[in-house]
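[1] Sequence plus predicted model, see below.
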Amino acid sequence: MSDPQKSPENGVSADDVKKIARLSRLDVADDRLQPIAEDLNGILAWIEQLNEVDVEGVEPMTSAVDMDAPLRKDEITDGGVRDKVLANAPKSEDGFFVVPRSVE
């Protein structure tokens, strides 16, 4: 019988899940480590199946629906509304927001 704590070849083990949980500051019960490892290995196997798909000649796309997005001219501006924006600030000085010091 194989050791359930031992990492499968190129897979995620219960020990890996425990380490990831600790680094993520997550509290995972010991009896949940192996099922989570199995779920992660299933997800990784599915991703490997996707890598086998032949995508030769398939154009990259950003959406499943073909549509043109309206674009504006790519011009650098200051927005022209500095005074309106600063009018909302609790405190401003010389055209800038004044905020409390956070680092001494």
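    Sure, I can see it.
[2] how close does the residue sitting nearest the centre point of the chain get to Pro35?
    Residue closest to the average C-alpha location in the chain (Cα atoms, centre = their mean): Ser24, at 14.1 Å. Distance of Ser24 to Pro35, computed by Cβ to Cβ, to the nearest Å: 17 Å. All C-beta atoms are positioned from the backbone trio N, CA, C, and that covers glycine.
[3] same check, this time on Lys84
    Distance from Lys84 to Pro35, by Cβ to Cβ: 55 Å.
[4] Same check on Asp16?
    Applying Cβ to Cβ to Asp16 and Pro35 gives a distance of 13 Å.
[5] out of these two, which sits in the more crowded spot?
    Asp16 (18 against 11; other Cβ atoms under 10 Å).
[6] Need phi/psi at that one.
    Phi and psi for Asp16, reported as degrees, to the nearest 10, are phi -60, psi -40.
[7] what's the answer for Ile20, then?
    According to degrees, to the nearest 10, Ile20 has phi -60, psi -40.
[8] Tell me the confidence at it?
    You'll see Ile20 listed with a pLDDT of 96.
[9] What's the local residue count around it?
    For Ile20, the count of nearby residues is 15 (other Cβ under 10 Å).
[10] again with Val12
    The burial count for Val12: 19, using other Cβ under 10 Å.
[11] Contacts only, for it.
    Taking Cβ atoms under 8 Å, 6 or more residues apart in numbering as the criterion, Val12 is in contact with Ala37, Leu40, Asn41, Leu44.
[12] ok, now with 6 Å
    Ala37, Leu40, Asn41 (Cβ atoms under 6 Å, 6 or more residues apart in numbering).
[13] Hmm, Gly11 and the last one touching each other?
    This points to Asn41. Yes: the pair Asn41 / Gly11 is scored as a contact, 4.7 Å apart, by Cβ atoms under 6 Å.
[14] Neighbour count for these two, which is higher?
    Using other Cβ under 10 Å as the criterion, Asn41 and Gly11 rank with Asn41 on top: 17 against 14.
[15] Need the single longest helix in this protein, by residues.
    When the chain is parsed with DSSP state H, its longest helix is helix 30-51.
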